[in-house]
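# could you work out the structure for the sequence below:
(chains A and B)
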Amino acid sequence: MSAFVDGDTRVVVQGITGGEGQFHAEQMIEYGTNVVAGAVPGKGGQDVAGVPVYDTVAGAVREEDADASVVFVPPAFAADALYEALGADLDLVVAITEGVPTQDMAGVKRRLGETDTALVGPNCPGVITPGEAKLGILPGNIFSEGRVGLVSRSGTLTYQIVDSMTQRGVGQTTAVGIGGDPVIGTSFVDALDRFEADPETEVVVMCGEIGGEDEERAARHVAGSIDTPVVGFVAGRTAPPGKRMGHAGAIVSGSGAGTAASKIEALENAGVPVGDTPEAVVETVSDLL
Amino acid sequence: MKLHEYQAKEVFADAGVGVPDSRLATTADEAVAAVEAVGLPAAIKAQVHVGGRGKAGGIELVHTPDGARETAARILGMELKGYTVDRVLVEAAVEFVDELYVGVTMDRSRGRPVVMASTRGGVNIEEVAAAEPDAIAREHVDPAYGLHPYQARKAVYDAGVDRDVARDAADVLRTLYRVWDERDGSDAEINPLMVTEDREVVAADAVLNVDDDALFRQPDLAELADEAAADDLEARANQYGFDYVRLDGSVGIVGNGAGLVMTTLDLVDHYGGAPANFLDIGGGAKAERVANALDLVFADENVDSVAFNIFGGITRGDEVARGINEALSGFERVPKPVVVRLAGTNAAEGMAILNDDLVTVEETLEGAVKRAVAAAAEVGE
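Next up, the predicted model:
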């Protein structure tokens, strides 16, 4: 098993009958992911993307032994879908949905703490282990098998860095997008622990951005508990205070908390080299391998 | 989404928080009528979404009807940090002996709500928090239980609020939390919560910011969204459904994905230019969306060149390229140099399709940014 998923991971797609859900279920299957079921209330008994649909996640677990879920449920119903997934005792839940109300996520995170399930997202591109499985919307064709783990708050920035790596022949063990929302499941710290425990991962790339203190906490964690070399990047050096830069969580507060400068300083103090540009990150990674 | 002070006060008052008598006015005449209704002295307060209104001259105490007329005439129409004042709140002045602070927000690092109380009201609370963190008492809320009444009392007692008003202040904090919870607040604050000579507590100012992602279930608050955005371009971006932030540089940016767009801005700065905006057009890049994005960036008179960077994940580069060609061929003459870089799925096909007469094509993100910075510098000369 790699950091989060592998070819044996049995995936149920929540919201598989929606446009996004169906399209990406097909893409995941095409990539080789072991998608075993869909779950949509009231749609049980149908076949979508070649897999059976159940009314409940529990049904998909009972009948198809699903152990992970990918959630494409619209924002207004996403929290309920996440509670359902958490109630079904899955190993991993990946929430793709963008625009889940923050207070809903505070409740979900509270519930998450009572379970052994890992939640990735929401508002994220998902998780991929190249050559094995992808759970989410990442474009499989840019990834390649290798020894670098990636964790990022941003989807397209991950793609940018991965694409550049792949073109230089630098492959990846696993890439995980943890999402750009203020309250999320898997944090940088959690992802770093997963990579630390993964014998295949030799270098970790951590792409942060402005807002919150997750990067600072990750920096302290790297200094204290992570032996795998980590290379950092932080987006938003030029972002003005008080403006939300796309992601709900990407905002420097009026008092100046959550700046790129503070995050870069914390990472560098923890011995993490931080690239000025995505290319510089890839060069540093190449040198470390 | 930010509510104006008068809107937030209405929400808080409906929930049972004491507020001074007040009227909204959009003209000097209305302000005079308002002071007659609420009594003198009264405060005339600019209703704009900026902090530090008082220091900037947007709040003034008046003692006569003529004073109200003059002050309202001065404040209405004034510019405060880029916003034009089009309405003022005329409010009975409160004689106070103490100024408290109560607030509720989401503690991101814990994923839990936190309620706060302090006796240092009436000043910038973020400065207090930075200088003397212990001056603000905090209680985290377990979302499974909500705020226990004892937590509100504890916050208020820990903050050192006078015992004879502590119970009332705790009640205000509980109400504030209830409003924050029911109305999907991101931040709710009363600063200052004034203590009068009669030992009553009154909300002299009010902040209620609402989670944009929850507006679908707060339709009455969504209707309050301010049509008069700070900036015409930001208003237009809202109509197009883009995430857009205007900055003051000369290199316009169009891209997809918040992190990659932010990175593009940073690269512009890194290579010696200055970004004019943040513009995330999101997934897909249909011709109309591309055209709207270019229209928006071209409309910014500060823009001298444009860096257009799309990473096609699921979106294919050839589709994006057709969108760009179609959008630009709609212009009689492309108004500003556009540098395009496509990456990801079908990027090579896309770059082959792009019309070289309309755009400059670059293969790498760094190359595209350098080219756009150079083009802006040339135009700027």
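
# from here on, just use CA atoms for contacts and neighbour counts.
Fine.

# which ones are touching the residue of the stretch 151-300 of chain B found nearest chain A?
Closest to chain A within the stretch 151-300 of chain B is B:Leu260: 4.5 Å, counting by C-alpha to the nearest C-alpha. Counting by C-alpha atoms under 8 Å, 6 or more residues apart in numbering or on different chains, B:Leu260 makes contact with A:Ser154, A:Thr156, A:Leu157, A:Gln160, A:Ala235.

# again, only this time at 6 Å
A:Thr156, A:Leu157 (C-alpha atoms under 6 Å, 6 or more residues apart in numbering or on different chains).

# from A:Leu157, how far off is it?
5 Å (C-alpha to C-alpha, to the nearest Å).

# so what's the residue count around A:Asp89?
A count of nearby residues for A:Asp89, using other C-alpha atoms under 10 Å in any protein chain shown, gives 18.

# before we move on, what SS does it have?
Three-state call for A:Asp89 (DSSP: H, G, I helix; E, B strand; the rest coil): coil.

# all the strands of the stretch 1-150 of chain B, residue numbers only.
B:22-25, B:42-46, B:59-62, B:79-80, B:83-84, B:88-92, B:96-107, B:112-118, B:136-140 (DSSP state E, counting those that start in this stretch).

# ok, the stretch 51-200 of chain A next?
Counting by DSSP E, counting those that start in this stretch, the strands of the stretch 51-200 of chain A are A:51-54, A:68-71, A:92-95, A:118-120, A:126-129, A:133-136, A:145-152, A:172-177.

# mind putting those into a markdown table with mean neighbour count?
Shown next, in a markdown table, are the strands of the stretch 51-200 of chain A (neighbours: other C-alpha atoms under 10 Å in any protein chain shown):
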| stretch | mean neighbour count |
| --- | --- |
| strand A:51-54 | 23 |
| strand A:68-71 | 30 |
| strand A:92-95 | 28 |
| strand A:118-120 | 24 |
| strand A:126-129 | 27 |
| strand A:133-136 | 31 |
| strand A:145-152 | 23 |
| strand A:172-177 | 30 |
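
# nearest to chain B among the ones you listed would be which one?
strand A:145-152 (9.2 Å).

# packing partners for that closest one?
In terms of contacts (3 or more C-alpha pairs under 6 Å, 6 or more residues apart in numbering or on different chains; DSSP states H and E), strand A:145-152 is packed against strand A:172-177, strand A:203-209.

# let me know the angle separating the helix or strand just after the longest one from strand A:203-209.
Put plainly, it is strand A:203-209. Downstream of strand A:203-209, the first helix or strand assigned by DSSP states H and E is helix A:214-225. Between the axes of helix A:214-225 and strand A:203-209, defined by axes from the mean of the first three to the mean of the last three C-alpha atoms, to 10 degrees, the angle is 150 degrees.

# correct me if wrong: A:Ala95 contacts A:Ser69.
No - using C-alpha atoms under 6 Å, A:Ala95 makes no contact with A:Ser69, being 8.3 Å away.

# for the stretch 151-289 of chain A, what lies in contact range of chain B?
Proximity of the stretch 151-289 of chain A to chain B (C-alpha under 6 Å from any C-alpha of the partner chain) is limited to residues A:Ser154, A:Thr156, A:Leu157, A:Pro182, A:Val183, A:Ala235, A:Gly236, A:Arg237, A:Thr238, A:Gly246, A:His247.

# for the fourth one, which non-adjacent residue is closest in space?
Spelled out, it's A:Pro182. A:Gly249 (4.4 Å; C-alpha to C-alpha, 6 or more residues apart in numbering or on different chains).

# from A:Ala191, how far off is that neighbour?
18 Å.

# more neighbours: the two, which one.
A:Ala191 (25 against 22).

# ok, residues contacting stretch B:264-274?
Under C-alpha under 6 Å, 6+ apart, the answer for stretch B:264-274 is A:Arg237, A:Thr238, B:Gly249, B:Ser250, B:Pro275, B:Val369, B:Val373.

# please tell me how far the fifth one sits from B:Ala225.
B:Pro275 sits 28 Å away from B:Ala225, taking C-alpha to C-alpha as the criterion.

# need the helices for the stretch 1-150 of chain A, in chain order.
Under the criterion DSSP state H, counting those that start in this stretch, the stretch 1-150 of chain A contains helices at A:19-31, A:57-64, A:75-87, A:102-112.

# ditto for chain B
B:5-14, B:28-38, B:65-75, B:125-131, B:149-159, B:163-182, B:219-222, B:232-240, B:258-270, B:287-298, B:317-329, B:347-353, B:365-380 (DSSP state H).

# which stretches of chain B have low pLDDT?
B:226-231, B:283-285, B:314, B:381 (pLDDT under 70).

# show me what from it comes close to chain A.
Residues of chain B lying near chain A (C-alpha under 6 Å from any C-alpha): B:108, B:111-112, B:143, B:213-214, B:243, B:257-260, B:262-263, B:266, B:313-314.

# and those residues, which is closest to B:Gly77?
B:Asp243 (28.1 Å; C-alpha to C-alpha).

# mind listing what the closest one touches?
The contact partners of B:Asp243, by C-alpha under 6 Å, 6+ apart, come to A:Gly246, B:Leu279, B:Asp280.

# many thanks, have a good one.
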